[in-house]
Structures are given as structure tokens and as C-alpha cells.
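**Student:** Using only what follows, build the 3D model:
(2 chains)
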Amino acid sequence: MRRAWPQLLRCCALAAALQSTAPPRSLYVHLPFCRRRCFYCDFPVVVAGEASATRDRATARYVDLLEHEMASWDARAAPLDAVYLGGGTPSLVEPAHIRRLLDGVRGAVGVAEGAEVTIECDPGTFDAEKLAAYVAAGVTRVSLGVQSFDDGVLEAAGRAHRRADALAAVAAVRAADLPHGWSLDLISGLPGLDGGLWRDTLAEALAFEPPHVSSYDLQVEAGTAFGRWYDDDGAKPSPARPALPDEALAADMYRDASRLLRGAGYWHYEISSYARTPARKAVHNALYWRPRASWLALGLGATSSAGGDRFTRPRAMADYEAWVAGGAAVGESDESDGADWLLDELLTGLRTSDGVDLGRVRAEYGADAEAAVRRGAADAVAANLATLEGDALALADPDGFLFSNFALSSIFAALDDS
Amino acid sequence: MALRHSCLRLLLATACHALRVAPSAVRRPRALAPLSAAKTADVSDVETAPPHAKIRNFAIIAHIDHGKSTLADRMLEMTGTVAGRDMQAQLLDSMDLERERGITIKLNAARMSFEAEDGETYILNLIDTPGHVDFSYEVSRSLAACEGALLVVDAAQGVQAQTLANVYLALENDLEIIPVLNKIDLPAAEPERVAEEIESTIGLDCTDAVLASAKSGLGIQEVLEAIVQRVPPPPDPEDDDAKSPTRALIFDSKFDAYQGVITYFRVVDGPGIAKGDRVKFVASGVTHDVTEIGVMCPDRVPVAGRRLQRGEVGYFCAGIKSVEDARVGDTVTVVKSAGVAATASQSRDVAALPGYAEATPMVYSGLFPVDADQYEALRDALSKLKLNDAALRYEAENSPAMGFGFRCGFLGLLHMEIVQERLEREYDVDLVITAPSVVYKVVQPGPDAADIVAKLERGEALAESAIEDQDDESVDEAARVLVVDNPSRMPDRDRNSHTLEPFVNLEVIAPTEYTGALMELAQERRGELVDMKYLTPTRTTIIYNMPLAEVITDFFDQVKSRTRGYASMEYSITGYRESPLVRLDVKINGDLAPPLSTVVHEADAQSSGKVLVRKLKEFIPRQMFKVPIQACVGAGVVASVQLSAMRKDVLAKCYGGDISRKKKLLQKQAKGKKRMKAMGKVNVPQEAFMAVLNLRDSGGD
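**Tutor:** Now for the predicted structure:
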């Protein structure tokens, strides 16, 4: 009996959510093919090797699956404002397939004039010509996975490209003059990096004046090669496996990125995201950090959301194929016992420089919830890791971002108590 | 939690009893229908008083997992007490906790009627003994209610320390002991060797030992026959002095939400008890009217038309609110029988049956709710548990660090374990638990301090002055003794005061090859070798005197690991002894953390302090600042480590597919935070409170 009430409330909330949910205006497409798996990667990828013919056949079959999945969409969906082709390595996919895919999307729900259509590209997998063909197919933005300009660091991370590939790729992307610009993606804290090398990496990146920079602090995930190599403290560094920067050094790298990029005029609008101008903020990605957002998704392991109710597609190709063959039904949400939307909003909202509006928390979740959030945030505010001005709660840059889990877990604990 | 595991491992038994096999050929048809076998008077009818010569009261003594529950089940089945189709595994295990873990603390009592080979029907009353050292007092009371006992020994494993201790108790109570070698159908069974072991260790003649396999039903008939033939019947009521008042021994009592306390008893003397009698409990002094009386078959069957007589075993309900009023070992007497007051000689000065003692908690720990607002729920839960557990003690305790909670006293580690588990499971209270501690005694300085110490060591009562009279001050010895059940309250070391701690007599039985390893362990734990004997050429028993404080650590875990699980262990409290003890305090970030205080031997203070701070460093999560962790004796720091500052705690990527997973991660982190208690600015998790359990360098971590 104790559990019946929350469930009932959740049902009411769900009904309200369905009524209020605007149709999704954004789409994520997962293109899982890679030449090899990078040592830090825990994404659903399909290692398709270097032989382009085999890869092409596999890609063609995969795009067929995506088209099938699209056929299950609700035709009432509005034209999209953003499409994101992520991976994997989408730039391994031949432009003809990208065109067929985007044509399919345009046919199914439409893509609005001036929409942001991003493709993730890896250096060494494309040239100016291929890029031009992507643009002709409808691509308007590139997210370029440079990660590092140092050959030793790239090799130690298991990347397939080298410095020369990165420089050529940057040149090609800059020359393409993309309508929504491009993002230069870096990873700090990689094995072999030190403070000086990282600051050089940032300086070199800034010299290309990228409209957007994503700078990720390396997370060593269980189940990855890094997870196996760098998990125990006893691992001895070797030329092939240089030392992992320690936590203090990695934290300094994060601070350096924030300091140098902001110094160069960039807006640090999310823990790992920087925009040269407000207009260059990533349209699709920013949706993930908005409360109760909706977006469509296509492909292996991809997650869609209907007003905060997320659904993740099967991560193994055979399972995904079977799911599509079975009608591609968006089934029970990832959290079948009911999504905890307030936690989602806090977890995603506090990643951004805008933070969370406690007025909204009060209106949507009640005064008790708001009070608990304020209680939970008090320690972080006292430690200057967060700012609370009126109803605006936000983490401080950079230290609040660096300790975001500390602040969030305290807030979660306070909410759990209330 | 290391402690939790140590107790459970002690008691874990494989739950293989669930496998039921077809009734064996041993079973005879007439045993299935005992009701039809009645001749003159049907003694199996509960309303008929059985002649004393047809009653057999017996207990079962067995080591954990040697097959006690299965044997009891088989006897119930074979005597037709419970029909086969109604059998469920371990019928007499009453607590869910016991059944789930395959451990048996104590079986329910049961009355069976059995037609023996001589054609007569006998009433067999099984009164079980709890199989754990924490409950040795209850064992002694159960045995006192019997004339005989089955000694069940696994024919593959042989005699274990626990079994030995209970057999000695049974021998002290003059019980007839019937050895039963169980599990003889196991490939590893060596009944001859085990029989020899029983003869050499206990001096019990095993010529007539019964070979059995409770699991497959072998030898059950023989066990029942042996009980009839070898266990003496209770004394003849005719021999009794007619004027002697009724005295019944309470061997168990349980609280029932509908009927109040159910008192289980055996009539020792006098005419017996019937429904409507007014009974008095000699030790607790309370009087109640018996509203229902009956026998256990094994479900309670009321007896309305007669008295339960001398030698009989049964239960009664009398509207009693708490088991504290009907304690195990207390004597029940009748003050008014069916409306007629007992004669003057019957009602006055009825002497208590020997052996009654109030349960004394030996182990204390602090129980604090994780959420402060669960304090009321915890208090209610403890008071409900107390209704059914006279040995449980608790009193409110609060500290700035832990908030409001309770200091609880237990008979031992298993008892503590059971209470904590029930609080969390049955009452849904999340707890932070501090490490268990023994009860220390401190004799304050004075000219007669040495005398008081000597008295405490001999276990003699101290002179006590109830009257606040200044002249009497010198004889009020009790007031000079400080009883410390919370290490943080141990006074600072004073050269002129005397500290005492409880000691135990510890017996470990293990294969001879592990003797060296065990002696090394015992030496590390301040043990003094008392005796070492070869049971057989391959098995040895070692007896030590050791402080109880050393035993309630991970000691049994260590015994198990150093003997690859081949050892069994038993201990009994022998009394208090003076030891040079000091309080070891912990300072975290400069703040004293009283719940982490512990009491150690003076000579161990530095090494224990080093181990403690090192362990705390592992358990306490890093903070955003450096945290010094120090161990201190008085004002002096004996060991110190530094917890380095956490430099980042961030999830770099969080896109659509990551949200659910990262939320779970944060929820886990939040849950961990809730289980922590703030010591100054630093949050200390549950595990850290148990760090004091083993402060030996060699402690295998």
C-alpha cells in the first residue's frame, strides 16, 4: 500500500506530461562503424575494419534498418530544428548513404530551413571532397574528434589518426565554411599528457579559431582497455602505456582549459562545452540539459526521449535488428519504475552555466522539494562551489563543475530524506 | 560488514534438507497410524494423562549442520505427529531468519506419541537446545527439563567444540546420552572413527550408538526405540510427597501478538497445572490466571479437561504482556487451583528450582538510525523486540556525531546480529552500527581497591549500601566500581585505578596440522594456553584463557581461515581479570570521534593505533581538503596518517544515453552519503565504525 500513492501520482504526472509534451524537434542518429576501438571508448560501436568495401555493405544494410525504424515514426512530428549524426565514426560512412538517410528523415518528418545538422568526423577518414558531398546532402556542422595534436598521446589512446591527419582535417573543415560552424573536440587527462603539453594543445586549438570547443576530462570506464590497464595503482608506465596523469594533474588540466578558453573569449556554457559566440552553442546537444526535453533517435543503442521518458534501443546489432524487425516499438522507458524527473533536471541542468531555476522546481515539484534542493546545495554554496542568487542555482566555474558530483549527490541525499 | 560475515559463517549450513526422499523401508506401517494402536487408555489422546512411566523427555545436541532439524522432522513424520504431506523443510525452525539461512538457533518443542516394539505407546517430548554459545544459559535450562539427550554427530565430520560444550552440560544435569551417528550414507562417513572419537573425548560408550541418516530416513525407528528404552521416565508422581507444591520449570517463552506470552514448561514437582489455575512466577513475582494450557503436536493443542502432571511438558497462556515476566529458568507455582486457594504450605515459600539466572548482556554496541526521523521507529521496534527477548537491553544514547540512538546490550555476537538484522528487515529501520564492545569494570583508587579487584576476579558479590548513610560509605564497594559498556566512556588511564575485563575459556578443535597456526593466533590475541589434548592422532583440542574483547573481533574468521574451515570453536565466560587497559581515541581532522574510540591493552596501543588509522584511511572517502587521522591515548598521539584531498569529482560527458546511468551513479553516491555520520566536517561511513574489529597487523587484510 505504501507504494501505491507515488505510483498513482506518477501516472497522473505521466498523463500531464504527455499532454504538455511538444513534438520532438531534434534527432540523434547513431552510426556505429569504426576502424578500431579506442582504448577509452565504451560506446556501442561496430569495428568494421579498414576494408572499405565490407564496411560499405554493412553500412548499406544498417541504413536500411534506420529507414525501417523511421517508418514507425508518428507522422504528426514537426519538422526538425536539429539532427546529430554521432558514432562510432560517422565520417566513415559514404556521402551517398548520408544523403539517403537525411532524405529519409526529410521525407518522414521534415527538416526545417536553417536547421543544425551535425556530423561527427574523425581526422583521417575524410577529405574536402567528401565533406562537400556531406554538405550537399544537408550537413551544416562538423564535430571534429581531434582529441590531441600529439602523436604519442594519440597512439597511447588507441586513436587511428595522427597529428598530420588532424591538421589536414582542421584545414578541410575550416575551408568548408559550414553554415553552423564546427566544433573541435579534445580530451584532457589522457596518458602521456602533462600540464605543458595540454596547454600547448589548447593554444594550438585556439589558433584555429574553432566556433565551438568540447573539452572532455578523460573518464576511465570499467570494461575498456584503459579500465583494465589503469585501474590498479601498481601498473608500471611503459612507452606504449605512458602514465595516466594523476587526479590533481587532471583537475589542473580542466582548470587550464576553462581559464585559457574563457580567456580567449569563449563562453563555458556546460561542463565540457565552449562556444565562441552564443549563437554557436550546440543546438542538439544543449537539448539534453534542458528539463523534460523530447528528441527522436535512430539506430543501435540510441536513446530517444518523450518529455523526459527515455528509451534506449538495443546495444547489440543482432538485438537491434530483431527489434526493428519486430516493429521498432518504443517500449517501456529506461526507468520502468518511473522516471525521477526532478533528479534528471538537476543532474542535467546543473551541468550548464545557466544552472537550475528553483522557481520552476517549486512550481513543478512543490515547496518541499525546493527546500530539500536548497538544503542539499548549502554545503556546495558555503564552499563557493555553487552560487545561489534568488531562485538561480548554478555551479561555479571551474571548481563547482569539477566537483559537480559532490554537489549533486548532496542534493540527491537531501531529496531522498525529504 | 566483516562482523556480520563472521557470525554467519559460524552458523552457515547448507540448506540441503529441502530435498525430501521417499519414505524408507525402515518405517513400519503401524508407526504411521499410532492412534489406532491404543490399548487400555489412549495415551496419545492429549486429554488423557499419560502414566509417568510412558513419558520420555529428551533434547537433541548437535553441531550446526550435523542434521538436527532433519532428524527432528523425520521423527515427527515417523510418529505420525505430522502427516508427510504437511511437512515442510525444518518444520520446527520457527524464525524466518533461521530457515532462510539454514541455521537453527532453536527448534520448537514437540510432543510425539510412539508405539514401541513392546507394543506400548509412549509420549516423547522433544525439548531442543539452542546451538550457539550466546544462548548457553538457555541450553542449560532446556537440558534441566529432560532426562535424556540425543547426541547427533556427523559421521564424516566428527565431534565439534560446540557439541562438546553442550554434552558436558548434559552430563552435569545427569542426562542419559544416546549417541547418534548421522549421515552414515555419505561416502566420507567413518562411523567407527567418529565413535572412537566420542569415546575418547567424552568417555561415552558408543557400543550402542545408533547409525542413522536423517536425510534418507535410515535408523529413525532405532532412534525412537533407543529413546524409549534408554531415557529414564520422569519420577513417579506416587513417590512425591503429596503435600509438595507444584513447581514447573520454564524452558522457553515467546511473545504472540494474539495470546500474549506463551510459556513453555515442564512440571517438575507437585500435582501440576490446569486451565483456570492462578500461577505465580517465583523470580519475577507476578501472578496470572492460566487461560489456555496444552501440548505441542507440534502446533499448540489445548488441553481442557485435566491437569498437566508431574513429568509432562506443555505450554500455557495467561495474558502475560512481556517475556520479561516469564523468563527462561524461572519457576512456576500454583497459588489458586480452579478457584480453590492452595493450602498454606503450598502457596508460601515455594523454593525456586535451581539454576535460575538473569541474562547478562556481554556485548554492547550503538545503534543509530540513518535518518534522524527514524528514531521513533527504532525505539518502537526495540520495544517490540524486547517483548520477546528478555536478554536484550537498550537505553537511549545520543552524541553530537551520531545523533539520537540506543546503546544496546546482547548475549553475544549472534544475538547482536539477529537483533540488528530483524530491525532492518522486519521493522525497516536503516542503521549505522558501532563496533561491539565488552563491558569493562574500573575500580577507582582507594585503600581497599585491591580487595575490590580481588572480589571482582573471584566473582564475589560486592558490599552494597542501599542507605545513603555517611557512616556506611566505606562499605559501599559497589559504588567504587565503574561499569563501562561504551569505550568512549572509559576513564583516562590513572596509575592508581584498576581496569578489569571479562575473560573466556576458549576451546578450539581442529586437525592436528593446524595446531601451530592456531596457537600463533591465540598468542597474538593475548591468549594463555591452558591445555592441549589429542582427541585422536589427527585431531587436537586447544584450550586458552583469553579476553572476551579479543574474541568478539574477527577472531572466528581468522580461526576458520587459518584452518581452512576445519576448526570448531566454543567459549564460555569465566569472569573478570585485571588488565592494563587504555582508551584509544580517534581524531579526524582534529575533531574527536567518540564512536570510534576503543579500549586496548596498554602494550598494544601504538600498534593498534597504527592499524586503526590506516584502516580508517581506506574507509573514509576523500574530502575536498586534506584530512589528518590520528589515534591518541590521552593527550598523546600514537599514530597518524593523512587522507589526501579529492581533486575532482565530475562526469565529463552526459548526453541523451548517459543520463539514466549517471543518475544511478549519483544516487548510489547519495545513498552512501546518507549512511555516513558527520565527525566534525568529515563524513564517516558505516564500514569505518567496524574498523576497530581487528587492530592486529597480521590480521590478514
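**Student:** Kindly state the pLDDT recorded for B:Leu107?
**Tutor:** pLDDT recorded at B:Leu107 is 67.
**Student:** And the longest strand along chain A, what does it pack against?
**Tutor:** Secondary structure assigned by DSSP state E gives strand A:111-121 as the longest strand of chain A. Using 3 or more Cβ pairs under 8 Å, 6 or more residues apart in numbering or on different chains; DSSP states H and E, the elements in contact with strand A:111-121 are strand A:80-87, helix A:95-108, strand A:141-147, helix A:283-287. (Glycine included, C-beta is placed from N, CA and C.)
**Student:** Just want the residue of the stretch 1-150 of chain A that's nearest chain B.
**Tutor:** Proximity of the stretch 1-150 of chain A to chain B (Cβ to the nearest Cβ) peaks at A:Tyr28, 6.0 Å away.
**Student:** Listing partners with orientation, what would you give for the longest strand of chain A?
**Tutor:** Here strand A:111-121 has these sheet partners by DSSP bridges: strand A:80-87 (parallel), strand A:141-147 (parallel).
**Student:** Could you list the domains of chain A?
**Tutor:** Domain assignment for chain A, taken from the TED database, gives A:26-289, A:338-417.
**Student:** Where does the prediction get shaky in the stretch 251-400 of chain A?
**Tutor:** A:336-339 (pLDDT under 70).
**Student:** elements contacting the helix or strand hosting B:Gln642?
**Tutor:** According to DSSP states H and E, B:Gln642 maps onto strand B:636-643. Judged by 3+ Cβ pairs under 8 Å, 6+ apart, strand B:636-643 is in contact with helix B:605-619, strand B:627-633.
**Student:** Would you mind giving both backbone torsions of B:Asn388?
**Tutor:** phi -110, psi 10 (degrees, to the nearest 10).
**Student:** who touches B:Val350 in this structure?
**Tutor:** B:Pro245, B:Arg247, B:Lys280, B:Val282, B:Thr331, B:Thr333 (Cβ atoms under 8 Å, 6 or more residues apart in numbering or on different chains).
**Student:** Reformat these as TSV; add secondary structure and pLDDT.
**Tutor:** What follows is these, written out as TSV (DSSP: H, G, I helix; E, B strand; the rest coil; pLDDT from 0 to 100):
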residue	secondary structure	pLDDT
B:Pro245	coil	88
B:Arg247	strand	93
B:Lys280	strand	94
B:Val282	coil	92
B:Thr331	strand	94
B:Thr333	strand	94
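**Student:** Neighbour-wise, which one of the residues you listed leads?
**Tutor:** When neighbours are taken as other Cβ atoms under 10 Å in any protein chain shown, the top entry among these is B:Thr333 (25 neighbours).
**Student:** could I get the domains of chain A as CSV with mean neighbour count and distance to B:Gln221?
**Tutor:** Formatted as CSV, the domains of chain A follow (neighbours: other Cβ atoms under 10 Å in any protein chain shown; distance: least, Cβ to Cβ, whole Å):
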stretch, mean neighbour count, distance to B:Gln221
domain A:26-289, 19, 59
domain A:338-417, 20, 59
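**Student:** Redo these as JSON lines? Include distance to B:Gly366.
**Tutor:** Below are the domains of chain A laid out as JSON lines (distance: least, Cβ to Cβ, whole Å):
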{"stretch": "domain A:26-289", "distance to B:Gly366": "35"}
{"stretch": "domain A:338-417", "distance to B:Gly366": "21"}
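**Student:** B:Val684 is nearest to which of those domains?
**Tutor:** With Cβ to Cβ, the closest approach to B:Val684 among the domains of chain A belongs to domain A:338-417: 15.0 Å.
**Student:** That closest one and chain B in contact?
**Tutor:** Yes - for domain A:338-417, a contact with chain B is found by Cβ under 8 Å from any Cβ of the partner chain, at A:340, A:343-344, A:347-348, A:351, A:383, A:401-406, A:408-410, A:412-413, A:416-417.
**Student:** who's in contact with residue 137?
**Tutor:** By default, I'm working from chain A. Shown in contact with A:Ala137 (Cβ under 8 Å, 6+ apart): A:Pro95, A:Ile98, A:Arg99, A:Leu102.
**Student:** The chain in question should be chain B.
**Tutor:** B:Tyr137 makes contact with B:Val328, B:Gly329, B:Ala357, B:Ala359, B:Leu411, according to Cβ under 8 Å, 6+ apart.
**Student:** Residues of the stretch 1-150 of chain A that sit close to chain B?
**Tutor:** A:Tyr28.
**Student:** closest to chain A out of the helices and strands packed on strand B:636-643?
**Tutor:** Smallest distance to chain A across these (Cβ to the nearest Cβ): 13.0 Å, for helix B:605-619.
**Student:** any idea which helix or strand carries B:Val46?
**Tutor:** Using DSSP H and E, B:Val46 maps to neither a helix nor a strand.
**Student:** Might you report the residue contacts of the residue most central in space within chain A?
**Tutor:** In chain A, the centroid-proximal residue (Cα atoms, centre = their mean) is A:Asn285; its distance is 6.2 Å. Applying Cβ under 8 Å, 6+ apart, we find A:Asn285 in contact with A:Tyr84, A:Glu270, A:Ser273, B:Tyr655.
**Student:** Secondary structure for those residues - can I get that in TSV?
**Tutor:** Converted to TSV, the contacts of A:Asn285 look like this (DSSP: H, G, I helix; E, B strand; the rest coil):
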residue	secondary structure
A:Tyr84	strand
A:Glu270	strand
A:Ser273	strand
B:Tyr655	coil
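**Student:** about what we covered before: select, from the contacts of B:Tyr137, the two members most distant in space.
**Tutor:** B:Gly329 and B:Leu411 (13.7 Å).
**Student:** hang on, the earlier thing: let me have the contacts of B:Val350 in JSON lines, adding distance to chain A as columns.
**Tutor:** As requested, the contacts of B:Val350 are exported to JSON lines (distance: Cβ to the nearest Cβ, whole Å):
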{"residue": "B:Pro245", "distance to chain A": "52"}
{"residue": "B:Arg247", "distance to chain A": "49"}
{"residue": "B:Lys280", "distance to chain A": "44"}
{"residue": "B:Val282", "distance to chain A": "45"}
{"residue": "B:Thr331", "distance to chain A": "45"}
{"residue": "B:Thr333", "distance to chain A": "47"}
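**Student:** Let me know the closest of these to B:Lys587.
**Tutor:** Nearest to B:Lys587 among those: B:Val282, at 51.9 Å, using Cβ to Cβ.
**Student:** Tell me the spacing between that closest one and B:Ile273.
**Tutor:** Between B:Val282 and B:Ile273 the distance is 14 Å, computed by Cβ to Cβ, to the nearest Å.
**Student:** Check B:Tyr544 too.
**Tutor:** From B:Tyr544 to B:Ile273 the distance is 45 Å (Cβ to Cβ).
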